[in-house]
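K.L.:
Sequence first, then the predicted structure:
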Amino acid sequence: MEEKPEHPKTHYSCPPFYFYKAADLARIDEALADGCEYDAPGSLVSWLCTRTEIHAFEMPGPRYDIGNLESYQEVKRIFEEAK
């Protein structure tokens with residue numbers, strides 16, 4: 001897994017819907033000390049991928065990246081048009 005790669009290797013993406021085991025969450029300090037980024041939730045998953053078993057599943061339907069007011073308004077427009 002890569003957090004927001006400049007050139008994605010696949011068409012798959014990972015919205016931040018994560019479920020962690022207590023044992024994995026207990027490793028957060030270790031992950032941060034090892035260089036895991038503080039402000040990107042995907043960084044912990046990426047770090048864990050090299051240290052423990054990770055499972056994923058496909059979620060049907062579109063995803064929207066809402067990171068600012070403009071992107072929120074665009075997604076809101078998409079949903080209003082779909083009514």
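P.N.:
Done, it's in.

K.L.:
quick one: the helices in this protein?
P.N.:
22-25, 28-33, 41-49, 69-82 (DSSP state H).

K.L.:
Please point out which parts of the second one sit buried.
P.N.:
Right, the one you point to is helix 28-33. Using 16 or more other C-beta atoms under 10 Å as the test for burial, helix 28-33 gives residue 31. (C-beta placed from N, C-alpha, C; glycine too.)

K.L.:
model confidence over it, on average?
P.N.:
Averaged over helix 28-33, pLDDT sits at 94.

K.L.:
Export it to PDB, keeping only CA atoms.
P.N.:
Only the C-alpha atoms of helix 28-33 are listed here, as PDB (Å, rounded to 0.1, in the frame of the first residue of the first chain):
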ATOM      1  CA  ILE A  28       1.400   2.900  17.000                       C
ATOM      2  CA  ASP A  29       4.400   4.300  19.000                       C
ATOM      3  CA  GLU A  30       6.700   1.800  17.300                       C
ATOM      4  CA  ALA A  31       5.300   2.800  13.900                       C
ATOM      5  CA  LEU A  32       5.800   6.500  14.600                       C
ATOM      6  CA  ALA A  33       9.400   5.900  15.800                       C
END
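
K.L.:
And the contacts of that helix?
P.N.:
38, 43-44, 47-48 (C-beta atoms under 8 Å, 6 or more residues apart in numbering).
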